[in-house]
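Asks: sequence first, predicted coordinates after that:
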Amino acid sequence: MKKKLWGGRFTRPTDRAVERFTHSLSVDRRLARYDLLGSIAHARMLGKTSIIPRKESQQLVRTLQILLSNLERGKLRIDPAAEDIHSAIQSLVEKKAGPAAQRLHTARSRNDQVVTSFRLYCAEEAENLRKSIRSVQKEILHQAEAVQQIILPGYTHLRHAQPVLLSHLLLSYLEMLQRDQDRLCSARCQTMEELPLGSGALAGTGLPIDRRMVARELGFSGLKENSIDAVTDRDFAVELLSALSLLSVHLSRIAEELILWSTAEFGFLRFDERLLTGSSMMPQKQNPDFLELARAGSARIIGNLSAMLTLLKGLPSGYQRDLQLDKEILFEALDRAEGMLAVLSVGFHGIRWNRQAMATQLKDESLYATDLAEYLVAKGVPFAEAHRAVGQLLAHADRTKTSLKNLPLATYRKFSAVFGRDAVRLLDPAASVRRKRSAGSTNPAEVARQIRRWKKIS
Ligand code: ARG
């Protein structure tokens with residue numbers, strides 16, 4: 001039988017099936033660093049408060065620090081048979097620190113230990129993910145800057161709507177991703193607000209621990225006020241997953257747009273061949289599988305959010321072993337989000353835009369209908385009337401299969417008397433974007449301002 005943290009009460013070894021089923025080392029080994037950091041702070045505090053002899057506290061801290069440096073160098077040898085990472089580290093400490101190791105778990109339960117490590121892990125990963133978002137944003141900003149002259153049709157309902165600057169559209173991705181960063185930031189803060197360690201199994205401890213000292217060392221801003229809440233609460237993991245879900249929804253939207261634009265039908269862009277994958281049967285194929293998987297990733301992450309909420313619903317107070325599964329749910333979502341960000345970053349880097357394909361679409365005169373209506377409004381026509389007049393003008397052009405550019409002024413005037421010769425000048429993409437003047441619009445000056453702002457903050 002593998003040595004457990006809890007063997008005393010038992011006379012017979014754990015059933016093999018139960019052991020296998022309850023084992024979590026393969027999942028929670030990535031908490032090693034955070035378990036060690038938590039234990040270092042705990043051991044130091046036990047010495048400072050004279051709960052354990054100072055010498056033994058120092059010996060524990062030293063041993064744990066060696067283990068941490070071994071871990072960082074990829075040299076920590078974790079026994080694969082241990083129940084979980086916390087037991088595995090305890091046995092390593094026992095091997096290296098001798099009798100002092102028997103004092104490490106004083107005034108501590110795995111219940112407060114596990115959730116402390118988990119919080120530290122979540123906080124650090126939220127920060128890492130934020131950095132990965134920034135890298136994608138940098139690539140997008142780089143593209144937005146490079147394509148400032150390019151105009152494409154903006155779509156609603158996937159139908160031609162109004163011309164917009166390609167940079168403007170790309171900058172809209174930056175906005176989405178910035179909110180994702182903010183959400184990760186607040187999930188991180190919330191996670192580090194209150195230290196659970198020192199709550200023991202659920203009731204606290206009779207020993208004179210100093211929780212504030214531990215909180216300070218680990219970077220928590222305060223203490224969990226209630227020891228039962230401390231060991232039961234996983235709100236922080238839900239908050240993080242929910243930030244990840246929204247991030248993944250944004251990434252899947254971006255992936256879908258790029259897929260669509262790279263089709264033969266749109267042809268707005270091509271990817272570097274190294275990003276594409278082939279077909280085993282159709283020799284001609286070069287598929288954007290990487291983006292399809294990025295689009296699909298959100299399905300898993302949203303599923304994980306739902307799994308976490310379902311795991312927590314109806315749980316009684318206090319630690320329940322159900323809570324062990326919180327980690328694999330969150331880890332999987334984090335890995336997937338990181339993977340999605342990584343491919344989108346190379347994806348944006350490897351884009352070649354096809355300006356000609358966009359220009360071809362911009363010949364559709366219906367794209368300028370709203371500009372024509374606003375032209376009439378500027379001449380005093382009520383908007384509803386202008387809307388109707390332009391609608392009728394377009395219907396007429398459609399019916400007679402004539403371009404608006406070739407219709408005589410007299411025909412325009414049949415629909416609204418205030419049309420002038422200058423109206424045809426509106427049937428032009430550059431004129432269309434230049435006419436926009438509201439803050440945040442697709443006007444080139446406005447978009448250039450947005451780019452300058454992004455360059456300052458990134
Ligand atoms: N691996 C477990 C977890 O992550 C450890 C906690 C076990 N605690 C207990 N009281 N049985 O939740």
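Replies: Yep, it's here.
Asks: use CA for all of it now, contacts and neighbours both
Replies: Noted.
Asks: number of nearby residues for whatever residue of the chain ends up closest to the ligand?
Replies: In the chain, no residue comes nearer to the ligand than Q324, which is 3.5 Å away by C-alpha to the nearest ligand atom. Neighbouring residues of Q324 were enumerated by other C-alpha atoms under 10 Å; the total is 18.
Asks: and for T14?
Replies: Burial of T14, expressed as a neighbour count using other C-alpha under 10 Å, amounts to 13.
Asks: just give me the longest helix of this structure.
Replies: Longest helix in the chain by number of residues (criterion: DSSP state H): helix 110-146.
Asks: on contacts alone, who are the packing partners of it?
Replies: If you count contacts as 3 or more C-alpha pairs under 8 Å, 6 or more residues apart in numbering; DSSP states H and E, helix 110-146 packs onto helix 32-48, helix 166-191, helix 227-232, helix 235-261, helix 325-349, helix 444-457.
Asks: report the angle between the helix or strand following it and helix 166-191.
Replies: Along the chain past helix 110-146, the next helix or strand (assigned with DSSP states H and E) turns out to be strand 151-156. An angle of 60 degrees separates the directions of strand 151-156 and helix 166-191 when computed by axes from the mean of the first three to the mean of the last three C-alpha atoms, to 10 degrees.
Asks: for strand 151-156, buried residues please.
Replies: Neighbour-count burial for strand 151-156, counted by 16 or more other C-alpha atoms under 10 Å, picks out 151-154.
Asks: that strand pairs with which strands?
Replies: Sheet pairing of strand 151-156 (DSSP bridges) gives strand 159-165 (antiparallel).
Asks: what does the strand it pairs with contact?
Replies: Contacts to strand 159-165, defined as C-alpha atoms under 8 Å, 6 or more residues apart in numbering, come from residues 148-155, 362, 366-368, 370, 429, 432-433, 442-444.
Asks: for V27, what are its contacts?
Replies: 327-328.
Asks: quick check: buried residues in the helix or strand that contains it?
Replies: Under the criterion DSSP H and E, the helix or strand holding V27 is helix 25-28. Applying a neighbour-count criterion of 16+ other C-alpha under 10 Å, one finds 25, 27-28 buried in helix 25-28.
Asks: circling back to that earlier point, who's in contact with the residue nearest to the residue of the chain closest to the ligand when sequence neighbours are not counted?
Replies: The shortest distance from Q324 to any residue other than its chain neighbours is 7.6 Å, reached at S24 (C-alpha to C-alpha, 6 or more residues apart in numbering). By C-alpha under 8 Å, 6+ apart, the residues touching S24 are 83-85, 324.
Asks: please apply the same query to R134.
Replies: R134 is in contact with S458, counting by C-alpha under 8 Å, 6+ apart.
Asks: can you give me the pLDDT of it?
Replies: Model confidence at R134, given as pLDDT, is 98.
Asks: next one: it from P283, what distance?
Replies: Computed with C-alpha to C-alpha, to the nearest Å, the distance linking R134 and P283 is 37 Å.
Asks: wait, Q286 touches S280, no?
Replies: No. Q286 is not in contact with S280 according to C-alpha atoms under 8 Å; the separation is 11.0 Å.
Asks: which one's more surrounded, those two?
Replies: Taking Q286 and S280 together and counting by other C-alpha under 10 Å, Q286 has the greater number of neighbours (15 against 7).
Asks: what residues are up against the more buried one?
Replies: Q286 makes contacts with 273, 276-279, as judged by C-alpha under 8 Å, 6+ apart.
Asks: and with 10 Å instead?
Replies: The neighbours of Q286, taking C-alpha atoms under 10 Å, 6 or more residues apart in numbering as the test, are 271, 273-279.
Asks: can you check F118 too?
Replies: For F118, the contacting residues are 28, 30-31, 34-35, 112, 191, 234, 236-237, 326-327, taking C-alpha under 10 Å, 6+ apart as the criterion.
Asks: cool, L404 as well?
Replies: Contact partners of L404, counting by C-alpha under 10 Å, 6+ apart, are 365-366, 393-394, 396-398, 411-412, 423-424, 427.
Asks: do L71 as well
Replies: Remark: with contacts taken as C-alpha under 10 Å, 6+ apart, L71 is in contact with 32-33, 36, 65, 77-78.
Asks: again with P444
Replies: With C-alpha under 10 Å, 6+ apart, P444 has these contacts: 148-149, 164-165, 167-168, 430, 433-437, 450.
Asks: kindly report the residues of the chain close to the ligand.
Replies: Taking C-alpha under 6 Å from any ligand atom as the contact definition, the chain meets the ligand at 24, 84, 110-111, 114, 321, 323-324.
Asks: those residues, buried ones only, as a PyMOL selection?
Replies: Of the residues of the chain next to the ligand, the buried ones can be selected in PyMOL as follows, counting by 16+ other C-alpha under 10 Å:
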select buried, resi 24+84+110+111+114+323+324
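Asks: quick one: which of the contacts of Q286 is most hemmed in?
Replies: F271 (21 neighbours).
Asks: report the distance from stretch 79-92 to the chain centre.
Replies: Between the centre of stretch 79-92 and the centre of its host chain there is 31 Å, according to C-alpha atoms, centre = their mean, to the nearest Å.
Asks: in that stretch, what counts as buried?
Replies: The neighbour-count check on stretch 79-92 (16+ other C-alpha under 10 Å) flags 79, 81-92 as buried.
Asks: need the buried residues of strand 151-156 in CSV with pLDDT and distance to V381, can you?
Replies: Written out in CSV, the entries for the buried residues of strand 151-156 read as follows (pLDDT from 0 to 100; distance: C-alpha to C-alpha, whole Å):
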residue, pLDDT, distance to V381
I151, 98, 29
L152, 98, 29
P153, 98, 27
G154, 98, 26
